[in-house]
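Participant: Below: sequence and its predicted model.
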Amino acid sequence: MEEEVSQIPGRIKEFREILEISAMDMAKDIGITLETYARYENGDLDIPISVLYKIAGRLGTDATVLLTGEDPKMANAAVCRKGKGVRIERYPGYEFSSLAYNFRGRTIEPLLVFLDPSKAPADPVTHSGQEFNYVVEGRVKVTVGKREYILNEGDSIYFDAQLPHGQSAVDRPSRFITIIQE
């Protein structure tokens, strides 16, 4: 998986150059600074999933193509068998698997997220749309804006993803399903 993740910036750059989009225009179009965009494209900075979707949208492709180098194949239904999602370690202690990576034209993104409590939680993120989290295993602290919620197995939360938010494992490794709609 490390090898796959390391190829994402190169795929983005290749698409951008084929489409003759300058790095400056790309940064402007997705709403970030040129410096930040350059760090993403050079592989110096992890690309948040929300930014990856903005980049894919601007490039006129599916995020799966950027993640895996392959087009999604399914139009009517896509099955993802246990342990077979496209896995990405976004940052230490936060790993996710895309559960619908092989479905063309997705309007939501379901992800299975693993949190390691021994790693420091990441800074809060924001993105357009809404988000739903459902705890499958463990205990997860979800911060939305200035509020914190402790969720146990079977608990869920739905929130405005434009508010700064983040998740962390409370006291043991935890897994939750998140569904992002942008």
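Facilitator: Noted; the coordinates are in hand.
Participant: C-alpha only now, for contacts and for neighbours.
Facilitator: OK.
Participant: which residues of the chain score low on pLDDT?
Facilitator: Across the chain, residues meeting the criterion (pLDDT under 70) sit at 1-5.
Participant: As a quick check, tell me the outermost residue of it.
Facilitator: What lies farthest from the middle of the chain is residue 20; by CA atoms, centre = their mean that is 25.7 Å.
Participant: so where does residue 110 fall, helix or strand?
Facilitator: Using DSSP states H and E, residue 110 sits within strand 109-115.
Participant: and that strand, what does it pack onto?
Facilitator: Contacting strand 109-115 under the criterion 3 or more CA pairs under 8 Å, 6 or more residues apart in numbering; DSSP states H and E are the following elements: strand 94-98, strand 174-181.
Participant: could the ones you listed be laid out in CSV, adding mean neighbour count and distance to residue 39?
Facilitator: What follows is these, written out as CSV (neighbours: other CA atoms under 10 Å; distance: least, CA to CA, whole Å):
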stretch, mean neighbour count, distance to residue 39
strand 94-98, 20, 20
strand 174-181, 21, 25
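Participant: I'd like these as TSV, with distance to residue 86 appended.
Facilitator: Converted to TSV, these look like this (distance: least, CA to CA, whole Å):
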stretch	distance to residue 86
strand 94-98	5
strand 174-181	14
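Participant: Out of those, which is closest to residue 133?
Facilitator: For these, the distance to residue 133 is smallest for strand 174-181, at 4.3 Å, taking CA to CA.
Participant: Send me that closest one as CSV with only the CA atoms.
Facilitator: Extracted C-alpha coordinates of strand 174-181, given in CSV (Å, rounded to 0.1, in the frame of the first residue of the first chain):
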residue,chain,number,x,y,z
SER,A,174,-11.2,1.6,17.0
ARG,A,175,-13.0,1.3,13.7
PHE,A,176,-15.8,3.4,12.3
ILE,A,177,-17.6,3.7,9.0
THR,A,178,-17.8,7.2,7.6
ILE,A,179,-19.9,8.3,4.7
ILE,A,180,-18.9,11.5,3.1
GLN,A,181,-21.2,13.4,0.8
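Participant: Residues contacting the longest helix seen in the chain from elsewhere in the structure, which ones?
Facilitator: When secondary structure is assigned using DSSP state H, the longest helix within the chain turns out to be helix 2-18. Here helix 2-18 makes contact (CA atoms under 8 Å, 6 or more residues apart in numbering) with 22-23, 26, 40-43, 55, 59, 66-69, 88-89.
Participant: any idea how far it is from the chain center?
Facilitator: 16 Å (CA atoms, centre = their mean, to the nearest Å).
Participant: Residue 147 pairs with what?
Facilitator: Beta bridges link residue 147 to residue 144, judged by DSSP bridges.
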